[in-house]
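[1] Starting from these lines, generate the structure:
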Amino acid sequence: MERFKEIDWNPALEDIIDDVFIRDERLERESAMYRIMRDDFTDPFEDIEQDYANVNMELIQKFLSEDPLTDTEQEEEQKIDDKQKNRKKKNVDIDSKQNQDKRPYLPGIRKLPFNFPKRSCLTKVQQNMCLRVLLKLSNNKQKELSKEEQSEMESYIELKDKIFEEQKEFLNFAKSKWNDSFNWPIKYERFIISKWNTKMKKFQKLPRYYVEFKNISLSMQQINSTFKKSIEIKFISCLHKLGSFSKMMWPKLDRPSMLNVNPVILFNKYQCVTHNKVTHYFRLPVSDDTYCENLAMETKADFVISSSGLKCLLNTDLYYLNSWIIPIVIKSHNGKNVVYIDKRIPSSLATIPQKNTWVYKYILRHCFADANNEMFKEKMQHTTEDKPEKAAVHSDIDNTDLECSAEFNDYLKIYEEDLYSTDAEKSEKLGDSANDNETNDTKTNVMYKLFTIGPTESLNYEVGKHDVKTYQMLVRTKMDGIEVLPNRKSQYVMLTPKMEHQLGLGAEAVTFEEVSHQWASLIFRPETSLARVRIAADTSEIIQIEKHTTTSLSNEMRRLYNVKIENSLSILHNIIEGLSSLSSGRYIMRHVPQRGPFAYVYKQVEEPGKNVFDLHTVCQSAIFQTVPRTPWPLIDTILTTPVIRHFKKMPAMFNAYQSFSGQPKKRQKKIDFTESAPRRSLRLKEVKNEK
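    Predicted structure coming up:
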C-alpha cells in the first residue's frame, strides 16, 4: 500500500507539451508490466497471509456482536464525524487556495495541436542556464558579471553553434505548420473600412493630372557611388505645443487583460473629419496647416513634414517592395522655396495582421491613454451560461486531444475562466447610446519641432564638386501619452501593437516595416520611449509590453535583417536635396516596385494627355482589399515570453530532456513481444512440472 501511495500519477509538463504521458525511464522504473516482461517482477500479494497473522479475530467478533449504539450516542458520533469532515474540507480549501496563489498567471499559454519531431540537443538544465545568459544579455542595465555568470557565459558561447543549428531546424518546422490561407479574425473591420474610405475621399480633392518630371534615387549603393554620405539629424528646439497629454495606465497582467472596446467609441473618438469640418489646423495636411507655414517662415526652414510622411520615406527596405504615392507642395516664402510633404495615400491592399495593427493603434490609445478608462479597473465577471458559447469561439484552446498534467490543466483552467469572462458580445453591438462625451474627453496634442539634417562632423568627402548641404526640417508630431517613471520624472510614450499568431511556438519577430516605422517615430521625438504591446490575434489578450529606444530598435534591425537603419537618413537627405531644386507648385512623388529603387516626381498639369498620370482614377477605383494569403511570421530566436520564462526554456528551441547526468538520455529500444520472455503463468506452470 505504501508503494502504491508513492506513485507519481501526474506526468511532467514537458511530457504534456510533447503529448507523451509516460517516458521510457519512468516506464522502466514504475511499470509492473515492464518488469513482468523482463522477468524481474515480485508479486506484492505473495506474503499477504503474514500481514494478517497477528490480527485478533476474536476481538473483531466481540465488537460485531455488541449491542448497537443508542440514539444519543449516534447523534454524538455523527457530530464528531461532521466536525472532522468540515475540518478536512476547510484544510483542502486552504491548500487549494494556497496552491492557486503560488501558481502565477501566464499570459498567452497555449497547447499545440501537434507534436515536435524531436527533443532538444540541450538538457533542461542547459536550456535554463542559456536562458539566464540570454536575459542577462538583453538587459539594458550594464552590470559586472560574477564568477558564476562568467562561467555560464562561457558555457553559452560553447553551445552557441548547437543552439543556432537547432533554432534553424525549429524555424523550418514552425514554417511547415503555418497555414497561410487561414482567415484570422479582423478586429472591427467596419471601423477600418470607414476610416480608409474617408481618407481616400480627402485625396480625391487633390489636383487630378500629373506628368513625370524627374526621378530620385533610393539606393544607398547608387548614392555612395557618387559621393559618400554619412548623415545625422540634430534636434534644435520645440517651437510650439498644442493640447494636453494623457497619463498612461498600464495593466498589471496578473490576470487576462482583453482589448475589447465598443466600436461606437472608436467611431466617435477617432473618426476622420473632412476639410470642411476641421476647426484645428493641425488636423490638416502640413501644406494646409497655418502653424507650419508661419513657423517655416520664422525659422527659414527648407523642409516641412509630418511623422507619417517620415515613416513612409524612411521605410526603404532591401528590395523596395513597398509602393506609395505622396502629395508634395512647393511654396515660396520671401523668395525662398519651402518643400511641404503631406501624408501618403493609403494603400489599397493589406494583410490581416496589417489591418489588425491599424485598428489596435486606436484601441491601445483608448485603453491606455484615456483618463476615464475603466477597462482595467473593473473586475471582469461573466455568467456560467455564456461559457460554452465563448468556448466555441476559441476552439483552438479547448478542442485538443492532448492529455495534461494537473499543473498544466490548472493553468489552462484559470486562464480560460478569466478569458471567457469578458463580455465581448456586448462590446461588439452598436447600441443606440453612443457616448457623445467621449469626443470631448479625448485629449489631443501636437508639437512643432525644428531639426537639422546634414553630414556628420567626422565626414570626409571630396570638397569642390560634391558638397553635402545641411537642411532645416520642421517636423509636426503627436504623442500618445506621458508615463511617470519610478524617479517621478515624466517621459513621452508612443504606443504600437504587435500581433501574435503562434504563441505556442514563441514570440513573432517584428517585420522590416514595423521596426522601420517605430525607429522613425522615435528618432524625431527626442526623450520619448516606445511601448510595444504584444496582442494575441485570436483572443485580443495582452501578452506583454516591451519598452524600446532608438538604440534598441537599431540593434533589433541589425540583428534581424542585418541592416544599419541609420543609413536611411542618407536616403531622406537625398530626397530633400532632389526636391529642393523644384519650382513652386503641386507635385506627387510615387514609388513603384517594378521600376526599381527610384522615387518618380510628377508635376501638376491642367489637361489630360499622353503619358499623363490620373490621380483621381487611382483614388476612386481603389478598394481596401485583404491579401488572401498571409506570409509566415518569423519566430524571434532571442525574444522571450512569460511562458518561456516561467518554464525556463530557450526561445525557438525544442523541449529539453530532464536528464541529471547533463546529457540527453537515449530512448530505450522498443520491446519485441515475439522474442520477449514467456508469460508468468507459463513460467509457474513449468516450475510446478519440474517439481
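[2] domains of the chain?
    With domains defined by automatic domain parsing, the chain comprises 2-98, 201-375+429-484+565-626.
[3] got JSON lines for the ones you listed, with mean pLDDT too?
    Listed next are the domains of the chain as JSON lines, based on pLDDT from 0 to 100:
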{"stretch": "domain 2-98", "mean pLDDT": "68"}
{"stretch": "domain 201-375+429-484+565-626", "mean pLDDT": "83"}
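[4] Could you say which of these is packed most deeply?
    Of all those, domain 201-375+429-484+565-626 has the most neighbours on average by mean count of other Cβ atoms under 10 Å, namely a mean of 17. For glycine as for every other residue, the C-beta is placed from the backbone atoms N, C-alpha and C.
[5] measure it end to end?
    One end of domain 201-375+429-484+565-626 sits 20 Å from the other (Cα to Cα, to the nearest Å).
[6] Run the chain-centre distance for that domain.
    How far domain 201-375+429-484+565-626 lies from its chain's middle: 25 Å, per Cα atoms, centre = their mean, to the nearest Å.
[7] Would you check that Val446 makes contact with Phe245?
    No - the criterion here is Cβ atoms under 8 Å, and Val446 misses it with Phe245 at 10.7 Å.
[8] what's the longest strand along the chain packed up against?
    Longest strand in the chain by number of residues (criterion: DSSP state E): strand 231-243. When contacts are defined as 3 or more Cβ pairs under 8 Å, 6 or more residues apart in numbering; DSSP states H and E, strand 231-243 sits against helix 290-299, strand 445-455, strand 471-477, helix 568-579.
[9] List the contacts of that strand.
    Residues outside strand 231-243 that contact it (Cβ atoms under 8 Å, 6 or more residues apart in numbering) are 280, 282, 291, 295, 298-299, 443-456, 468, 472-474, 523-524, 526, 569-570, 572-573.
[10] what's the closest non-adjacent residue to Tyr156?
    Val133 (4.2 Å; Cβ to Cβ, 6 or more residues apart in numbering).
[11] Mind exporting the C-alpha coordinates of the helix or strand containing the one you found to CSV?
    Val133 belongs to helix 124-138 when elements are defined using DSSP states H and E. Provided in CSV are the C-alpha atoms of helix 124-138 (Å, rounded to 0.1, in the frame of the first residue of the first chain):
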residue,chain,number,x,y,z
LYS,A,124,16.7,21.1,-19.3
VAL,A,125,19.5,22.3,-17.1
GLN,A,126,21.5,23.6,-20.1
GLN,A,127,18.4,25.4,-21.5
ASN,A,128,17.8,27.1,-18.2
MET,A,129,21.4,28.2,-18.0
CYS,A,130,21.3,29.6,-21.5
LEU,A,131,18.1,31.4,-20.8
ARG,A,132,19.7,33.2,-17.8
VAL,A,133,22.6,34.3,-20.0
LEU,A,134,20.2,35.5,-22.7
LEU,A,135,18.1,37.5,-20.3
LYS,A,136,21.3,39.0,-18.9
LEU,A,137,22.5,40.0,-22.4
SER,A,138,19.1,41.5,-23.2
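[12] List the buried residues of that helix.
    Residues 124-127, 129-134 are the ones in helix 124-138 that count as buried (16 or more other Cβ atoms under 10 Å).
[13] what's the angle between whatever helix or strand comes next after that helix and helix 124-138?
    As assigned by DSSP H and E, the chain's next helix or strand after helix 124-138 is helix 147-176. Helix 147-176 runs at 100 degrees relative to helix 124-138, counting by axes from the mean of the first three to the mean of the last three Cα atoms, to 10 degrees.
[14] which helices and strands sit right next to helix 147-176?
    By 3+ Cβ pairs under 8 Å, 6+ apart, helix 147-176 packs against helix 124-138.
[15] rewinding a little: which one of the buried residues of helix 124-138 is nearest to Pro256?
    Minimum distance to Pro256 across those is 24.9 Å, recorded for Leu131 (Cβ to Cβ).
[16] Spit out the contact partners of the closest one.
    Counting by Cβ under 8 Å, 6+ apart, Leu131 has contacts 640, 644-645, 648-650.
[17] Identify the residue nearest the geometric centre of this structure.
    Centroid check for the chain by Cα atoms, centre = their mean gives Arg534 as the closest residue, at 2.9 Å.
[18] follow-up on the earlier one: can you list the helices and strands packed on strand 231-243 in a markdown table and add distance to Thr357?
    Converted to a markdown table, the helices and strands packed on strand 231-243 look like this (distance: least, Cβ to Cβ, whole Å):
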| stretch | distance to Thr357 |
| --- | --- |
| helix 290-299 | 28 |
| strand 445-455 | 22 |
| strand 471-477 | 20 |
| helix 568-579 | 21 |
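[19] and Ala350, which of the ones you listed is closest to it?
    Nearest to Ala350 among the helices and strands packed on strand 231-243 is helix 568-579 (22.4 Å), distances taken as Cβ to Cβ.
[20] for whatever helix or strand comes next after the closest one, packing partners?
    Of the helices and strands lying after helix 568-579 in sequence (DSSP H and E), the nearest is strand 585-591. Using 3+ Cβ pairs under 8 Å, 6+ apart, the elements in contact with strand 585-591 are strand 209-217, strand 324-333, strand 598-605.
[21] Give me the nearest residue to Pro117, chain neighbours excluded.
    Spatial nearest neighbour of Pro117, chain neighbours left out: Phe173 (6.3 Å); criterion: Cβ to Cβ, 6+ apart.
[22] Could you report the distance from that neighbour to Phe164?
    Separation of Phe173 from Phe164 (Cβ to Cβ, to the nearest Å): 15 Å.
[23] higher neighbour count, these two?
    The residue with more neighbours, out of Phe173 and Phe164, is Phe173; 15 against 11, by other Cβ atoms under 10 Å.
[24] surely the more buried one meets Phe116?
    Yes - at 7.3 Å, Phe173 and Phe116 qualify as touching, with contact defined as Cβ under 8 Å.
[25] circling back: TSV for the domains of the chain, including distance to Tyr188?
    Below are the domains of the chain laid out as TSV (distance: least, Cβ to Cβ, whole Å):
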stretch	distance to Tyr188
domain 2-98	34
domain 201-375+429-484+565-626	5
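[26] Indicate which one of those is closest to Glu546.
    With Cβ to Cβ as the measure, domain 201-375+429-484+565-626 is the member of those nearest Glu546 (12.0 Å).
[27] I'd like the helices and strands packed on strand 585-591 as TSV, with distance to Cys367 appended.
    As requested, the helices and strands packed on strand 585-591 are exported to TSV (distance: least, Cβ to Cβ, whole Å):
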stretch	distance to Cys367
strand 209-217	41
strand 324-333	30
strand 598-605	37
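[28] quick one: which of the ones you listed is nearest Met200?
    strand 324-333 (11.6 Å).
[29] Next, the angle from the helix or strand following that closest one to helix 568-579.
    Once the chain leaves strand 324-333, the next helix or strand it forms, by DSSP H and E, is strand 336-341. Using the same axes, to 10 degrees, the inter-axis angle of strand 336-341 relative to helix 568-579 is 130 degrees.
[30] and strand 336-341, what other elements does it pack with?
    So strand 336-341, by 3+ Cβ pairs under 8 Å, 6+ apart, packs with strand 303-306, strand 324-333, helix 568-579.
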